[in-house]
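Colleague: Sequence first, predicted coordinates after that:
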Amino acid sequence: DDVDELNLNNGKSTYGRGSWASSLRYHNGTYYVSTFAGTTGKTYIYSTKDIEKGPWKAQSFKPSLHDHSLFFDDDGKVYMLYGAGEFILVELKDDLSGVKPETSNRVVIENATLPAGTNINLPAEGSQLFKVNGKYYLFNIAWPRGGMRTVIIHRADKITGPYEGRVALQDKGVAQGGLINTPEGDWYAYLFRDFGAVGRIPYWVPVKWEDGWPVLGVDGKVPETLNLPASKGYMPGIVTSDEFTRKKTDAALPLAWQWNHNPDHRFWSVKQRPGFLRLTTGRVDTSILMARNTLTQRTFGPESSASTFLDLSNLKDGDHAGLLLLQKNYGWVGVKAEGGARYLVMVNASGGKPEEVRRF
């Protein structure tokens, strides 16, 4: 969307307040991805017949439904269940363009956090709703104070409830996600674990069914390895070449690349100088976090490294260029042009404020 926070304009940004807890569904030959953004106050739904090649249809509506789960029921109705602690079920219009007004305040679980106790740091959120053998199963994450991220599951015979809940997993802080089953009849939970600077890493956790409940893990623990067949299918291209050589039919930037916010397309190019990314100063900023055209890729753990070649011939006084580890307490290594000279510098903001700790 075209707003100051997403464009890094007028001193505004939206770091840490982008789209959260997306929901991916497949229904009647169409793939749907839904998410929400507190910055814009909207809920978004993207759909396509071809998840590999697109094109994607985009639509959005207000309000922003926090950590919702998109759900297509057997009777043709489409729902979103959302909230934090208290969960509300709404029915969507047939064309998914918004919420049916008459269904906007139906509370189906008053305190979804309760199975994890009463001393809670993070109330239940991150909803993912599924239907298995006629019963509805709702996955959530909660965080007991002094404990770890925890998986909570509620089940019901009707989508409107009543729901009964239990703690389903407490191990390594692996939580938040939902169910996946294979054509062979195997079941897994697809969850994440916070892992420092590399972010939230995905975990597959085996699932078996007992007395109508999904039981996660092996003896309540998350195994570090699984005996899975090698993938022979579609690869999403998370890992791709870092080179900027392009054929005429190639995208300017593959999907592995991301801008820190909406870019200003006037000031970057991979065509002006073939084989190179060209970044041109478009304005003067006082903070590296406000530099608009910062091009990024996800880091990979547990360790990773990077190198780059910089052409500094057009750097002007006040310009900075280099490699940045972009997170709240960031760090970067690069070149500053200052007073007619150029300096190789290292800047460390791990203490909350940027500090130039080396200069050559």
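Modeller: That came in fine, so what should we check first?

Colleague: what sits against W204?
Modeller: 188-190, 226, 228 (C-beta atoms under 8 Å, 6 or more residues apart in numbering). To be clear about C-beta, it is placed using only N, CA and C from the backbone, and glycine gets the same treatment.

Colleague: now for those, which pair is the farthest apart?
Modeller: Maximum pairwise distance in those, criterion C-beta to C-beta, is 14.2 Å, between A189 and L228.

Colleague: Specify which residue of these two has the higher count of neighbours.
Modeller: A189 (27 against 10; other C-beta atoms under 10 Å).

Colleague: Quickly find the element holding the more buried one.
Modeller: strand 187-194 (DSSP states H and E).

Colleague: Check the contacts of W204 against V90 and report the nearest one.
Modeller: Y190 (24.7 Å).

Colleague: Quick check: pLDDT value at the closest one.
Modeller: Looking at Y190, its pLDDT is 96.

Colleague: residue contacts, the nearest residue in space to it that is not next to it in sequence?
Modeller: Nearest residue to Y190, sequence neighbours excluded (C-beta to C-beta, 6 or more residues apart in numbering): G177, at 4.6 Å. Contacts here follow C-beta under 8 Å, 6+ apart; on that basis G177 touches 126, 128, 139, 189-192.

Colleague: rerun that using 10 Å as the cut-off
Modeller: By C-beta atoms under 10 Å, 6 or more residues apart in numbering, the contact list for G177 reads 21, 126, 128, 139, 141, 151, 188-192, 202-205.

Colleague: same question, V167
Modeller: 115-117, 142, 144, 150-153, 220.

Colleague: I'd like those written out as TSV, with neighbour count added.
Modeller: Shown next, in TSV, are these (neighbours: other C-beta atoms under 10 Å):
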residue	neighbour count
P115	18
A116	24
G117	13
A142	27
P144	18
T150	26
V151	27
I152	22
I153	24
G220	12
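
Colleague: tilt between whichever helix or strand comes after the strand holding A189 and strand 187-194?
Modeller: On the C-terminal side of strand 187-194, the closest following helix or strand by DSSP H and E is strand 200-210. With axes from the mean of the first three to the mean of the last three C-alpha atoms, to 10 degrees defining the directions, strand 200-210 sits at 150 degrees from strand 187-194.

Colleague: Sheet partners, orientation included, of strand 200-210?
Modeller: As defined by DSSP bridges, the strand partners of strand 200-210 come to strand 187-194 (antiparallel), strand 213-216 (antiparallel).

Colleague: which of the residues in the first one are buried?
Modeller: For strand 187-194, the buried set under the neighbour-count rule, 16 or more other C-beta atoms under 10 Å, comprises 187-193.

Colleague: likewise stretch 326-335?
Modeller: Using 16+ other C-beta under 10 Å as the test for burial, stretch 326-335 gives 326-327, 331-335.

Colleague: out of the residues you listed, which one sits closest to R292?
Modeller: Relative to R292, and with distances defined as C-beta to C-beta, the nearest of the buried residues of stretch 326-335 is L326, at 13.1 Å.
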